[in-house]
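K.L.:
need a 3D model of the sequence below.
(one chain, ligands or ions: 1)
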Amino acid sequence: MVPTSPPTGAGRYAPSPSGELHLGNLRTAILAWLFARTTGRAFLLRIDDLDRVRPGAAERQLDDLAAIGIDWDGPVVRQSERLPFYDAAIAELTAAGRTYECFCTRREIQKAASAPHGPMGAYPGTCRHLSDAQRAARRAEGRPAAVRLRADVDDFAIADLLHGRYLGAVDDLVLRRGDGIPAYNLAVVVDDAAQGVDQVVRGDDLLPSTPRQAYLAGLLGLAAPAYAHVPLVLNQEGKRLAKRDGAVSLSDQRALGNTPEDVVAAIADSLGYTARTTAELREVFDATRVPKKPWILESIGLFRPEGCP
Ligand code: GLU
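P.N.:
Below is the predicted model of the structure:
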């Protein structure tokens with residue numbers, strides 16, 4: 001047998017177990033797998049289960065990924081098992097004077113963030129300059145405190161394989177929510193670095209969060225991965241795919257008589273390839289030719305439920 005060199009670096013797919021994966025998720029997962037596998041990287045799966053968990057959803061997601069021919073290396077990591085690592089990162093930032101408690105309610109933040117001059121949706125820093133006495137007073141009111149990053153930039157640039165240089169806002173992002181749960185932006189940075197992930201391929205709805213994550217990685221002394229934010233799958237109205245759009249999951253498709261290979265074939269077609277398995281796709285995949293436009297689902301006849309015009 002020809003010896004193959006061990007993988008260097010890793011890509012990953014990190015679903016939130018909030019429900020079934022839809023075709024957009026499956027397409028993103030296939031792309032992440034293809035990017036990793038065609039660049040000699042390992043491919044890891046992580047369940048982002050700090051939030052929005054539906055019982056049994058993670059297991060079904062893993063089954064669906066396996067059914068469409070995605071394989072992964074090593075055990076599946078769950079964020080809920082990694083809380084001490086997030087605590088350690090927040091402690092490190094706090095020790096460096098990089099955090100503060102925030103007592104704002106969601107409503108207060110929305111009101112303040114819509115004020116002119118601030119970056120869209122950015123936290124305006126209301127609690128950044130509270131005195132010790134003010135902080136104690138708010139604690140005494142019983143307001144739960146979130147922990148925020150004390151950012152010293154307003155924006156940060158990242159390089160994306162599809163989007164090129166992307167400059168995005170960085171604000172005093174939440175590291176730990178008021179309910180004590182570590183925030184996604186922190187957990188993703190800590191985990192990708194800990195798992196040796198040096199290539200992040202995910203939906204382009206997350207592109208605006210990426211400068212925050214890359215900046216945070218730098219503060220923690222971690223290297224930011226290479227990024228590729230791939231287009232989403234949209235319904236005919238140009239909206240993000242949702243359950244109500246019809247037969248959007250693998251099980252819906254099975255119920256219509258379509259096999260996982262049929263689904264892979266349709267996803268391959270949306271990427272400009274003729275292939276029925278991920279193994280075949282891997283042979284022909286060219287990372288420089290990933291479509292930059294969203295896939296509008298109803299243009300693919302396969303997914304039109306029987307009887308629909
Ligand atoms: N768990 C996140 C989601 O499903 C994705 C996280 C990531 O890829 O960074 O939206």
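K.L.:
OK, contacts around Ala214?
P.N.:
Phe156, Ile158, Ala224 (CB atoms under 8 Å, 6 or more residues apart in numbering). In this view, the C-beta of every residue, glycine as well, is placed from N, C-alpha and C.
K.L.:
I'd guessed the last one sits against Gln213; true?
P.N.:
Yes: with contact defined as CB atoms under 8 Å, Ala224 reaches Gln213; the gap is 7.4 Å.
K.L.:
so between those two, which is more surrounded?
P.N.:
Taking other CB atoms under 10 Å, Ala224 and Gln213 do not tie; Gln213 has more neighbours (25 against 21).
K.L.:
report whether the helix or strand hosting the more buried one contacts the ligand.
P.N.:
Gln213 belongs to helix 210-219 when assigned by DSSP states H and E. No: using CB under 6 Å from any ligand atom, helix 210-219 stays clear of the ligand, coming no nearer than 7.9 Å.
K.L.:
please save the CA atoms from that helix in CSV.
P.N.:
Output of helix 210-219 as CSV, limited to C-alpha atoms (Å, rounded to 0.1, in the frame of the first residue of the first chain):
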residue,chain,number,x,y,z
THR,A,210,-16.0,36.5,11.9
PRO,A,211,-13.9,39.7,12.4
ARG,A,212,-15.0,39.6,16.1
GLN,A,213,-13.9,36.0,16.4
ALA,A,214,-10.6,36.5,14.7
TYR,A,215,-9.9,39.5,16.9
LEU,A,216,-10.8,37.6,20.0
ALA,A,217,-8.5,34.7,18.9
GLY,A,218,-5.6,37.2,18.6
LEU,A,219,-6.3,38.5,22.2
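K.L.:
for that helix, the distance to its chain's centre please.
P.N.:
Distance of helix 210-219 from the chain centroid (CA atoms, centre = their mean, to the nearest Å) equals 14 Å.
K.L.:
now do the contacts for Ala10.
P.N.:
Counted by CB under 8 Å, 6+ apart, Ala10 has contacts Ala36, Arg41, Ala42, Phe43, Leu44, Asp73, Gln195, Gly196, Val197, Asp198, Gln199.
K.L.:
re the thing from before, got the contacts of Ala214 as a markdown table, with secondary structure and distance to Asp48 columns?
P.N.:
Output for those, formatted as a markdown table (DSSP: H, G, I helix; E, B strand; the rest coil; distance: CB to CB, whole Å):
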| residue | secondary structure | distance to Asp48 |
| --- | --- | --- |
| Phe156 | strand | 22 |
| Ile158 | strand | 20 |
| Ala224 | coil | 18 |
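K.L.:
which entry within those residues corresponds to the minimum pLDDT?
P.N.:
Within these, the minimum per-residue pLDDT falls on Ala224 (94).
K.L.:
give the contact list for that one.
P.N.:
So Ala224 contacts Ile158, Gln213, Ala214, Ala217, Gly218 (CB under 8 Å, 6+ apart).
K.L.:
nearest to the ligand among those?
P.N.:
Distance to the ligand across the contacts of Ala224 (CB to the nearest ligand atom) is lowest for Gln213, with 7.9 Å.
K.L.:
hang on, Lys282 in a strand?
P.N.:
Small correction: residue 282 is Arg, not Lys. No: looking at Arg282 with DSSP: H, G, I helix; E, B strand; the rest coil, it is helix, so not inside a strand.
K.L.:
can you turn the buried part of the contacts of Ala10 into a ChimeraX selection?
P.N.:
For the buried members of the contacts of Ala10, the matching ChimeraX selection, counting by 16 or more other CB atoms under 10 Å, is:
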select :36,41,42,43,44,195,197,198,199
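K.L.:
for Ala228, state which of the contacts of Ala224 is nearest.
P.N.:
Ala228 has its nearest neighbour among the contacts of Ala224 in Ile158, at 11.2 Å by CB to CB.
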